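Chemist: Output the structure for:
(one chain, ligands or ions: 1)
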Amino acid sequence: MEQRDTERPGTRHKELWTGEPPSANPFALPRGPLGRVAGWLLASANRGAQAEIMDVLDVPEGAHVLEVGHGPGVLIEMLAARPDITVTGVDPSAEMVRMAQRRNAAAVREGRVRIRLGGADSTCTDDESVDLVVSVNNVAMWPRLDDGIAEFHRVLRPGGRAVVTWHRVPARFRLTAEEFAAIESAVRYRFGGVERTELPSSVVFSATR
Ligand SMILES: C[S@@+](CC[C@H](N)C(=O)[O-])C[C@H]1O[C@@H](n2cnc3c(N)ncnc32)[C@H](O)[C@@H]1O
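Modeler: Take a look at the predicted model:
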């Protein structure tokens, strides 16, 4: 890969992207009965944000979309409402994989949606096979920021788009300015450019391969 003249991101950070797995917080990596409750709450609390993000994804006709860290699968459901596109979802939580499969059972049966275990840096997806890769509200849980962004770059076709979003609201979930800057810098480092958009609920970073 061509080296760009930005500092390698994700190395100065103290709290995030240290290589540690997500905390025991059931929203960060939902597990067991508490994880199922967390998934149910996520599905209702984040539905509005997912709808806003869906509006700006601008999914091309016939696209193959990869969603990383889909949680209960609400955005997959919105994507699958478009019969021309196919969706792959990956999440490291077995609870979330099951919940998203149940929510999208008809599209899974039709073969338009596939959902499996995986993480931002391990999507088990072929090189240059995806038109759009999207991550909503999970970039702060990735063990290493740059490894995830590198994986997004690897799986995208030339001309494909990466979209990484995180909460603007509620305020308690908002990242610091430095943490948002680290995400922006990581995307710019791999993709050579990045666009930042502030939606009512989310900050959105997008880049074209
Ligand atoms: C706060 S939930 C967000 C779920 C959903 N995207 C939403 O906005 O409602 C965080 C999700 O990220 C997933 N996750 C945790 N570590 C991850 C990683 N390394 N890569 C991708 N997803 C991860 C969790 O399993 C969980 O489903």
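
Chemist: does T86 have beta-bridge partners, and which?
Modeler: Applying DSSP bridges to T86 gives these bridge partners: H64.

Chemist: With the one 4 residues further on instead?
Modeler: Beta-bridge partners of V90, counted by DSSP bridges, are V68, R116.

Chemist: List the contacts of the one helix or strand I76 maps to.
Modeler: According to DSSP states H and E, I76 maps onto helix 74-80. Here helix 74-80 makes contact (C-beta atoms under 8 Å, 6 or more residues apart in numbering) with 42-43, 46-47, 50-51, 53-54, 57, 59, 65, 67, 70, 85, 87, 89, 100, 103-104, 107, 112-113, 115, 134, 136. All C-beta spots, glycine's among them, are computed from the backbone N, C-alpha and C.

Chemist: Pretty sure W17 sits against I183.
Modeler: No - using C-beta atoms under 8 Å, W17 is not in contact with I183; the gap is 9.4 Å.

Chemist: which residues do these two both contact?
Modeler: Shared contacts of W17 and I183, counting by C-beta under 8 Å, 6+ apart, come down to L145.

Chemist: returning to what we had before: averaged pLDDT, the helix holding I76. What do you get?
Modeler: Helix 74-80 comes out with an average pLDDT of 98.

Chemist: What would that helix look like as CSV? C-alpha coordinates only.
Modeler: Output of helix 74-80 as CSV, limited to C-alpha atoms (Å, rounded to 0.1, in the frame of the first residue of the first chain):
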residue,chain,number,x,y,z
VAL,A,74,-32.0,-3.2,12.2
LEU,A,75,-29.9,-1.6,9.5
ILE,A,76,-29.7,-5.0,7.7
GLU,A,77,-33.5,-5.0,7.7
MET,A,78,-33.6,-1.5,6.2
LEU,A,79,-31.1,-2.5,3.5
ALA,A,80,-32.9,-5.8,2.7
